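A.B. asks: predicted model follows, preceded by the sequence.
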Amino acid sequence: MCSLCGILGGNEHWADAVARPGVYTRNTERLDRRRERANRVHAANRVLSCFALSLSDWQGSSYVIANRTGKSEMIEDLGHLWPAAEKMTGRPLDPLDPDLIARMEALHGSDVR
Amino acid sequence: MTDLPLFTSVNLLTGFLGSGKTTLLKRLLADPSLADAAVLINEFGETGLDHHLVERIDENMVLLQSGCLCCTVRGELADAIRDLLSKRDRGIVPPFRRLVIESTGLADPFPVLSTLKADPVLRHHFKAGSVIATVDAVNGMRSLDTYLESNRQAAVADRIVVTKTDLVPDTERLIERLRRINPDCAIIDARDPGLSVDALLSDVGRSPGSRSQSASGFYCEESLDLTDAEGNPHSARFRSFSISVDRPVDWTAFGIWLTMLINRYGEQVLRVKGILNLAGEERPVAIHGVQHLVHPPVHMEAWPSADRRSHIVFIVDGLDPGLIKRSFEAFTLVKRAANGGPQREVPDEGPMTVGVGG
């Protein structure tokens, strides 16, 4: 357990398994691991920005989710991201919300080939 | 003991009340290849009977009675499995290589799977094997019409055994109906002489050993509406549909999208199963999820066919397939313009003002 944040270690999230095998789960390939984490933070922020939230890496081991007033919470992996984000915004964050989809389409250019 | 597998497979046998679970279990246990399996039977009734019917009482047979596995005795399930594990390690029970759990007919299969995954001890010793559901040819249609649990069991199963086909030989419509609920599932007739323990219990798709997509492939391309016994449209709650896309999927974005979807709609996303063409990866990756539980993705060794598109099959309860498809595409597909890499810049348009709740 991390004595600072009280999170029990060793909890492997399914999304950690694939990016590059071992990037998240083994203590090798530190640069790749950092790169993947930066990637993930970036991808999460694309969605979170729609709700005035942001995610940042914390010491390469956890993440910090924050809103624009500075309220922040530490989360361990993707499994905790959305419950924490919902708690912070006080409303359900719905990936099937047509307005959010339209916003993501505009960001992503889903029809751009 | 050294030859015990690192992770003991746990197979779940589910099926509606009276659909032939115990009969099937009895038949399976008669097979010599299951001689070293431990069995855990859960019964709802006041007095447990099933373990007598199975006719195999030994130290590796555990009965959990007076309560349903998915709710009241869930903690007891974890305790019972831990107890078996501890006894195996101490040499008190014969070493078992597999655990078969027979659930009550009313149980939602999902909590059993999640117990394995969530328990800090169990998840290091056990892995979820295939889920087998029995559906009986006599009452199957009616159960599917009437009981939500029956639909959930069929949707979550990796293999469905249609029982009592000696009473009702014509099972075409039942099978068609099951196929619509769960397109990517092997459906086996209980009378089939090929019904072997291996065929039923071997891990599907997600086994790192086989590294291949389930042989059954993907059965449906279009969204199908379920119909009841008379052929009328069913309460279009349970739907299965598949999404196929050409553009590569950004795994990181996909992880964020699927966790978001499952966080909000976990109860309603009964199954997600697919094969993804990931940006920057030569080999496909197979994903497999049941409600809130997503199994570790598997890097497959090769594409099963020349088709390099990503395919995902969803089985949902009351969600709009069109919206899921649009959402999936908007969140997870790689934009082609940026040299194959994911789009990076985020225009700062400020937060959304829509859908404000609390």
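C.D. replies: Okay, I see it.
A.B. asks: next, give phi and psi for the nearest residue to B:Ala286 once chain neighbours are set aside.
C.D. replies: Spatial nearest neighbour of B:Ala286, chain neighbours left out: B:Val298 (4.6 Å); criterion: Cβ to Cβ, 6 or more residues apart in numbering or on different chains. Every C-beta, even on glycine, is put in place using the N, C-alpha and C of the backbone. The phi/psi pair for B:Val298 (degrees, to the nearest 10) reads phi -120, psi 130.
A.B. asks: close to chain A: what parts of the stretch 51-200 of chain B are there?
C.D. replies: Proximity of the stretch 51-200 of chain B to chain A (Cβ under 8 Å from any Cβ of the partner chain) is limited to residues B:Pro120.
A.B. asks: pLDDT below threshold where in the stretch 51-200 of chain B?
C.D. replies: The model of the stretch 51-200 of chain B has pLDDT under 70 over residues B:51-75, B:105-107, B:194.
A.B. asks: what about the strands in it?
C.D. replies: B:61-64, B:98-102, B:126-136, B:159-163, B:186-189 (DSSP state E, counting those that start in this stretch).
A.B. asks: can you get me a residue count around the residue nearest to B:Ala154 when sequence neighbours are not counted?
C.D. replies: Leaving out its chain neighbours, the residue that sits closest to B:Ala154 by Cβ to Cβ, 6+ apart is B:Ile181, at 4.8 Å. As a burial measure, B:Ile181 scores 27 neighbours (other Cβ atoms under 10 Å in any protein chain shown).
A.B. asks: surely B:Ile181 touches B:Val156?
C.D. replies: No: applying Cβ atoms under 8 Å as the test, B:Ile181 and B:Val156 come out as separate, 9.9 Å apart.
A.B. asks: show the pLDDT at residue 16.
C.D. replies: You didn't pick a chain, so chain A it is. Per-residue confidence at A:Asp16 stands at 74 (pLDDT).
A.B. asks: chain B is the one I meant
C.D. replies: Reported pLDDT for B:Phe16: 82.
A.B. asks: find me the pLDDT at B:Ser212, would you?
C.D. replies: pLDDT at B:Ser212 comes out at 32.
A.B. asks: let me have the strands of the stretch 51-200 of chain B in CSV, extended by mean neighbour count.
C.D. replies: Compiled in CSV, the strands of the stretch 51-200 of chain B are given as follows (neighbours: other Cβ atoms under 10 Å in any protein chain shown):
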stretch, mean neighbour count
strand B:61-64, 20
strand B:98-102, 24
strand B:126-136, 26
strand B:159-163, 24
strand B:186-189, 18
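A.B. asks: still on that earlier bit, tell me the contacts of the residue nearest to B:Ala154?
C.D. replies: Taking Cβ atoms under 8 Å, 6 or more residues apart in numbering or on different chains, we find B:Ile181 in contact with B:Leu144, B:Asn151, B:Ala154, B:Ala155, B:Leu226, B:Phe238, B:Ser240, B:Ile315.
A.B. asks: swap in B:Ser114?
C.D. replies: Taking Cβ under 8 Å, 6+ apart as the contact definition, B:Ser114 lies against B:Gln291, B:His292, B:Leu293.
A.B. asks: mind checking which of those residues land in helices?
C.D. replies: If you go by DSSP state H, those have nothing in helices.
A.B. asks: neighbour-wise, which of the residues you listed leads?
C.D. replies: B:Gln291 (24 neighbours).
A.B. asks: what's the separation between it and B:Ala190?
C.D. replies: From B:Gln291 across to B:Ala190, the span is 27 Å (Cβ to Cβ, to the nearest Å).
A.B. asks: one more: A:Ala38?
C.D. replies: 53 Å.
A.B. asks: got phi/psi on B:Leu29?
C.D. replies: The phi/psi pair for B:Leu29 (degrees, to the nearest 10) is phi -70, psi -20.
A.B. asks: can you pull out the helices in chain A?
C.D. replies: Using DSSP H, helices in chain A cover A:30-48, A:78-89, A:98-108.
A.B. asks: may I see the strands of the stretch 51-200 of chain B organised as JSON lines, with distance to B:Gly322 added?
C.D. replies: Shown next, in JSON lines, are the strands of the stretch 51-200 of chain B (distance: least, Cβ to Cβ, whole Å):
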{"stretch": "strand B:61-64", "distance to B:Gly322": "42"}
{"stretch": "strand B:98-102", "distance to B:Gly322": "37"}
{"stretch": "strand B:126-136", "distance to B:Gly322": "29"}
{"stretch": "strand B:159-163", "distance to B:Gly322": "28"}
{"stretch": "strand B:186-189", "distance to B:Gly322": "28"}
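A.B. asks: hmm, back to that, out of A:Ala38 and B:Ala190, which sits in the more crowded spot?
C.D. replies: B:Ala190 (19 against 13).
A.B. asks: and B:Ile92, how many neighbours?
C.D. replies: 11.
A.B. asks: so what does it have for phi and psi?
C.D. replies: phi -80, psi -40.
A.B. asks: next, name the residue at the spatial heart of the chain.
C.D. replies: With no chain named, the answer covers chain A. In chain A, the centroid-proximal residue (Cα atoms, centre = their mean) is A:Ala44; its distance is 4.7 Å.
A.B. asks: meant chain B actually
C.D. replies: B:Val156 (3.9 Å).
A.B. asks: so B:Leu13, which of the three states?
C.D. replies: Under the three-state scheme (DSSP: H, G, I helix; E, B strand; the rest coil), B:Leu13 adopts strand.
A.B. asks: give me the number of residues near B:Leu6?
C.D. replies: 7.
A.B. asks: any idea how far it lies from A:Leu107?
C.D. replies: In terms of Cβ to Cβ, B:Leu6 sits 43 Å off from A:Leu107.
A.B. asks: with A:Glu73 instead?
C.D. replies: 24 Å.
A.B. asks: please apply the same query to B:Gly129.
C.D. replies: 41 Å.
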